[in-house]
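>>> My questions are about this predicted structure, shown below with the sequence.
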Amino acid sequence: MEADLRTSTERLEIDVATISDLPEILELASRKYGKPYNQSSFWKWRYFENPIARVNIYVVRTETNKIAAMQAVSMYSMRIDNESHHAHILTAAFTAPEYRRRGLFRSLVEKIVQDLWQQETALLFAFPNKLSAKGFRGFAGWRESRLLSLFVRPLFGQSRSARSSDRSPRMVLDNTSLGIQVIARDEFLIGGDEILTHQKAGVSFIDRSREYLNWRYNRTSTMEYDILHAESGNGHSGYLVLKPTHFKGVPVGLVVDLAARSHRTAHELLRAAVMESRYWGLRMLVFLVGRTNPYARALTMNGFVKLPTPIVPRGFPLFTYDFQHAEKKMVPAVTDMQWYLTWGDTDVV
């Protein structure tokens, strides 16, 4: 055991979970959430058998070896001015109801920070829910940044078709005047890192390699995404990832990720997403994007409207912990950066 906690009633210890802990982790997560957190295939894909990220699930164990709380941390590559650095993201935090209000969440986060100081990491970040955000605001060294904007596009019309399970390539849009085709595919043929280098964004939270994108959106059996590729005479010029879901019973589409070489390409991808969403009977498209938004004009031309902060249905805070190594300041303060991030960077959509 790596660390121990003492409470008024019993001694608790922190260590890192193994695959043998999966049944108990499933039971703990299922006490509050349904799909995908109650599915073993999700935990294996995302945490225990992840081929892209190095993942550790820190757990608090009781004296009887039961898991009282957990916090996962994953290391990915992030892109800063076209250079790759290590970045860690916190996801999947759970505490058993009977062990809440004992500081277990704080102890897990502090233990992770302590361990990461021993590594050459650039940044630790999290997109917490409302409850966890209260905790982060009291943790030393953490900075809250409201860099995220929410764009919405209402859709009208009746449902014309059920979504098909056929994943073969399918033409969605063919703009002959621009020489751009948008094709639905089940594999990424280009990485977002190859596209975003053409933008002025200083930082991409998670480096969107082709390998990462295919793992993220194609290798999971618990979540469903649709991938639209923009293709022209010059090859593959962009992609858009769309996730149909429901919000308060209303069918909506999340534009989870978007990368395009040009405004025209972004415009055609968004136009294709609108066409697809109408065809499936979705009532709204939603896009969450960080401070750097190279596609603002394309969003406006496709009828997306930026919601004013006071009327956004829920907050989307970003918390960062900046590891300022004495020998090399790897990342400037988050408020000084030009971040490009989307829903896909939260890694849990």
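Cool, got the structure. The structure displayed is predicted, hence computed values, not measured ones.

>>> hey, where'd the helices end up in the stretch 1-150 of the chain?
Along the stretch 1-150 of the chain, counting by DSSP state H, counting those that start in this stretch, helices occupy 22-30, 40-43, 104-116, 130-136.

>>> any idea which of these is most buried?
Greatest average neighbour count among the helices of the stretch 1-150 of the chain goes to helix 104-116 (a mean of 19), per mean count of other C-beta atoms under 10 Å. To be clear about C-beta, it is placed using only N, CA and C from the backbone, and glycine gets the same treatment.

>>> Just give the number of residues close to Phe139.
14 (other C-beta atoms under 10 Å).

>>> Phi first, then psi, for it.
phi -90, psi 140 (degrees, to the nearest 10).

>>> shouldn't it be in contact with Arg106?
Yes: counting by C-beta atoms under 8 Å, Phe139 touches Arg106, with 6.5 Å between them.

>>> can you tell which of the helices of the stretch 1-150 of the chain is closest to Pro244?
Among the helices of the stretch 1-150 of the chain, helix 40-43 comes nearest to Pro244, with 18.1 Å by C-beta to C-beta.

>>> Mind checking the pLDDT average for the closest one?
Mean per-residue pLDDT for helix 40-43: 94.

>>> Please name every helix or strand in contact with it.
Applying 3 or more C-beta pairs under 8 Å, 6 or more residues apart in numbering; DSSP states H and E, we find helix 40-43 packed against helix 22-30.

>>> Contacts for the helix it packs on, please.
For helix 22-30, the external contacting residues (C-beta atoms under 8 Å, 6 or more residues apart in numbering) are 17, 37-40, 43-44, 48, 57, 59, 66-67, 70, 92, 94, 96.

>>> Just the CA atoms of it, as CSV, please.
Below are the C-alpha coordinates for helix 22-30, written out as CSV (Å, rounded to 0.1, in the frame of the first residue of the first chain):
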residue,chain,number,x,y,z
LEU,A,22,-13.1,-4.5,-11.8
PRO,A,23,-16.2,-6.2,-10.3
GLU,A,24,-16.1,-3.9,-7.2
ILE,A,25,-15.4,-0.8,-9.3
LEU,A,26,-18.5,-1.7,-11.4
GLU,A,27,-20.6,-2.1,-8.3
LEU,A,28,-19.4,1.3,-6.9
ALA,A,29,-19.9,3.2,-10.2
SER,A,30,-23.3,1.6,-10.7
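
>>> Show me where the stretch 151-300 of the chain has its strands.
Using DSSP state E, counting those that start in this stretch, the strands of the stretch 151-300 of the chain run over residues 170-175, 180-185, 203-204, 226-232, 235-247, 250-260, 284-289.

>>> quick one: Ser177 from Gly238, how far?
17 Å (C-beta to C-beta, to the nearest Å).

>>> can you pull out the strands in the stretch 1-150 of the chain?
So, for the stretch 1-150 of the chain - with DSSP E, counting those that start in this stretch - the strands run 3-6, 11-16, 54-61, 67-80, 83-95, 123-126, 142-145, 149-154.

>>> Counting by contacts, list what the longest one packs against.
If you count contacts as 3+ C-beta pairs under 8 Å, 6+ apart, strand 67-80 packs onto helix 22-30, strand 54-61, strand 83-95, helix 104-116, strand 203-204.

>>> how about 10 Å then?
Packed against strand 67-80 by the contact rule (3 or more C-beta pairs under 10 Å, 6 or more residues apart in numbering; DSSP states H and E) you find strand 11-16, helix 22-30, strand 54-61, strand 83-95, helix 104-116, strand 123-126, helix 192-196, strand 203-204.

>>> Is it possible to get JSON lines of the ones you listed that adds distance to Ser145 and mean pLDDT?
Shown next, in JSON lines, are these (distance: least, C-beta to C-beta, whole Å; pLDDT from 0 to 100):
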{"stretch": "strand 11-16", "distance to Ser145": "28", "mean pLDDT": "94"}
{"stretch": "helix 22-30", "distance to Ser145": "28", "mean pLDDT": "94"}
{"stretch": "strand 54-61", "distance to Ser145": "24", "mean pLDDT": "96"}
{"stretch": "strand 83-95", "distance to Ser145": "15", "mean pLDDT": "88"}
{"stretch": "helix 104-116", "distance to Ser145": "17", "mean pLDDT": "95"}
{"stretch": "strand 123-126", "distance to Ser145": "9", "mean pLDDT": "88"}
{"stretch": "helix 192-196", "distance to Ser145": "20", "mean pLDDT": "76"}
{"stretch": "strand 203-204", "distance to Ser145": "12", "mean pLDDT": "70"}
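
>>> Quick check: which of these is nearest to Leu285?
Closest among the helices and strands packed on strand 67-80, using C-beta to C-beta: helix 192-196, at 19.7 Å.

>>> ranking the strands of the stretch 151-300 of the chain by burial, who's on top?
Most buried of the strands of the stretch 151-300 of the chain by mean neighbour count (mean count of other C-beta under 10 Å) is strand 203-204; its value is a mean of 26.

>>> CA atoms of stretch 126-143 as CSV?
The C-alpha trace of stretch 126-143 is given here as CSV (Å, rounded to 0.1, in the frame of the first residue of the first chain):
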residue,chain,number,x,y,z
ALA,A,126,-10.2,17.9,-15.2
PHE,A,127,-13.7,18.8,-16.4
PRO,A,128,-15.6,18.0,-13.1
ASN,A,129,-19.3,17.9,-12.5
LYS,A,130,-21.0,20.4,-10.3
LEU,A,131,-20.3,18.4,-7.1
SER,A,132,-16.7,17.8,-7.8
ALA,A,133,-16.1,21.4,-8.9
LYS,A,134,-16.8,22.5,-5.3
GLY,A,135,-14.0,20.3,-4.1
PHE,A,136,-11.5,21.6,-6.7
ARG,A,137,-12.2,25.2,-5.7
GLY,A,138,-10.8,24.3,-2.3
PHE,A,139,-7.7,22.4,-3.4
ALA,A,140,-4.3,24.1,-3.4
GLY,A,141,-2.6,24.7,-6.7
TRP,A,142,-5.7,24.3,-8.9
ARG,A,143,-6.9,27.0,-11.2
